[in-house]
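Novice: fold the following, please.
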Amino acid sequence: MTIDRYSRQTLFKAIGNNGQYKIMHSHVLIIGMGALGTHLAESLVRAGVSEITIVDRDYIEFSNLQRQTLFTEIDAKAALPKVIAAENKLTEIRSDLKVHAHIAHVDRQFLEHYGTKVSLILDATDNFETRQLINDFAFQQNIPWIYGGVVQSTYIEAAFIPGKTPCFNCLVPQLPVINMTCDTVGVIQPAVTMTTSLQARDALKILTQQNIPTKLTYGDIWEGDHYVFGFSKIQRETCPTCGKTPSYPYINETKRQYVSLCGRDTVQYQNPEISQEIIESLLIKQAIDYQRNPYMLRFEFKGHPIVSFRGGRLLIHKMKHPNQAITLINQLFG
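Specialist: Alright, predicted model coming up:
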């Protein structure tokens, strides 16, 4: 693809032709393809990033369309997995783009398989545990990553560079207390775009190999509040991720079969021995109505909508606690 496509970006002296060349030879991993992920993916694809890996475990619902910019009503009606719809839209923007799309839950195995050869990791998740896993993996592999969070009208962002900045683990005690999620208290689009603007800015700086101040940005777009805090001096020698003797506890954490999804009233169940064919046969045998597309099966059991993906991963909706899911799964499979 001709570099003339990026002429307005190369005219910006902080990037120029040399920076554009670096952007066009980079590979970015985006974890999560919701509000933050769709904005980030589109921004970096339009900026010229040559290769992206995108991963998300969910599918598109109508409530996503208010802020998740790569999706349409057609996608929601088809209940397409987010990464599939995103891949379709991104390759329409750039025909030369190389996309690796994964319908998956991000765990240690995923990161070790798909994340070791990337230039940058972008956090577009909605939960603390995954961010801690990303942090451990990034510092173990010496890969920069950028944290972003949004809820209601607030935004937060920081970049972490192994060997140069403290890690997310060190920053956690200084973070504003946010015990809410978009699914419980809502979110507005301007807060999303503020977060992703900050993340995309730092992504371009990292990809063009420029220095980034060790700062956390936090604010409320509705109230007009905006704060920037330096955190270069908070690194702990005893930190299990970036201290003198790192142990990377979140990488080594035991994989759980049942996980409650943040703010979703949904529990995820994983069992690789349960194939789509097994589930479909079971549904037919029990005369349970279901819908299917090339990526998943959807059905309802005892008042709980359930979505089954390949690889033995089920999302059980209208449920908060893993113990409830254990009971339901035992009833479903006898």
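Novice: so the closest residue to Gln235 other than its chain neighbours versus Thr241, what's the distance?
Specialist: In space, and not counting its chain neighbours, Gln235 is closest to Pro166: 3.7 Å by Cβ to Cβ, 6 or more residues apart in numbering. C-beta here means a position set from N, CA and C on the backbone, and glycine is covered the same way. Using Cβ to Cβ, to the nearest Å, we find Pro166 at a distance of 9 Å from Thr241.
Novice: and Leu204, by the same measure?
Specialist: To Thr241, Leu204 is 26 Å away according to Cβ to Cβ.
Novice: which of Pro166 and Thr241 has more neighbours?
Specialist: Legend: neighbour count by other Cβ atoms under 10 Å for Pro166 and Thr241, higher for Thr241 (25 against 22).
Novice: is it true that that one touches Ala138?
Specialist: No. Counting by Cβ atoms under 8 Å, Ala138 is not a contact partner of Thr241; they are 9.0 Å apart.
Novice: could you measure from Gly163 over to Phe231?
Specialist: 15 Å.
Novice: where does Ile146 fall, phi/psi-wise?
Specialist: phi -120, psi 120 (degrees, to the nearest 10).
Novice: bridge partners for it, pull those for me.
Specialist: Per DSSP bridges, the residues bridged to Ile146 are Leu122, Ala159.
Novice: and the chain, what are its domains?
Specialist: 3-230, 258-333 (automatic domain parsing).
Novice: now, of the ones you listed, which is deepest in the fold?
Specialist: Most buried of the domains of the chain, by mean neighbour count (mean count of other Cβ atoms under 10 Å): domain 3-230, with a mean of 19.
Novice: return the helix or strand in the protein with minimum mean pLDDT.
Specialist: helix 182-185 (a mean of 59; mean pLDDT, DSSP states H and E).
Novice: immediately after it, which helix or strand?
Specialist: helix 189-207 (DSSP states H and E).
Novice: what's the helix or strand following that following helix packed up against?
Specialist: Note on helix 189-207: by DSSP H and E, the next helix or strand toward the C-terminus is strand 215-220. Strand 215-220 sits against strand 154-160, strand 225-230, with contacts defined as 3 or more Cβ pairs under 8 Å, 6 or more residues apart in numbering; DSSP states H and E.
Novice: contacts for strand 215-220, please.
Specialist: The contact list for strand 215-220 (Cβ atoms under 8 Å, 6 or more residues apart in numbering) reads 153-158, 171, 174-176, 194, 198, 225-231.
Novice: rerun at 6 Å
Specialist: Identification of contacts with strand 215-220 by Cβ atoms under 6 Å, 6 or more residues apart in numbering yields 153-158, 176, 198, 225-231.
Novice: ok, now stretch 308-319?
Specialist: 103, 265-272, 274, 276, 279, 296-297, 304-307, 325.
Novice: mind checking which of the residues you listed land in helices?
Specialist: Among the contacts of stretch 308-319, the ones falling in helices (DSSP state H) are Gln276, Ile279, Ala325.
Novice: would CSV of these with pLDDT and distance to Thr214 be doable?
Specialist: Listed next are the ones in helices among the contacts of stretch 308-319 as CSV, based on pLDDT from 0 to 100; distance: Cβ to Cβ, whole Å:
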residue, pLDDT, distance to Thr214
Gln276, 87, 47
Ile279, 90, 48
Ala325, 84, 41
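Novice: looking at those residues, spot the one nearest Phe71.
Specialist: Taking Cβ to Cβ as the measure, Phe71 lies nearest Gln276 of the ones in helices among the contacts of stretch 308-319, at 23.8 Å.
Novice: roughly how far does Lys233 sit from Ile326?
Specialist: Note on Lys233: its distance to Ile326, by Cβ to Cβ, is 46 Å.
Novice: for Asn142, same thing?
Specialist: From Asn142 to Ile326 the distance is 39 Å (Cβ to Cβ).
Novice: ditto for Ala78
Specialist: For Ala78, the distance to Ile326 - Cβ to Cβ - is 31 Å.
Novice: one more: Asp225?
Specialist: Separation of Asp225 from Ile326 (Cβ to Cβ) stands at 44 Å.
Novice: now swap in Ser260 and tell me
Specialist: In terms of Cβ to Cβ, Ser260 sits 12 Å off from Ile326.
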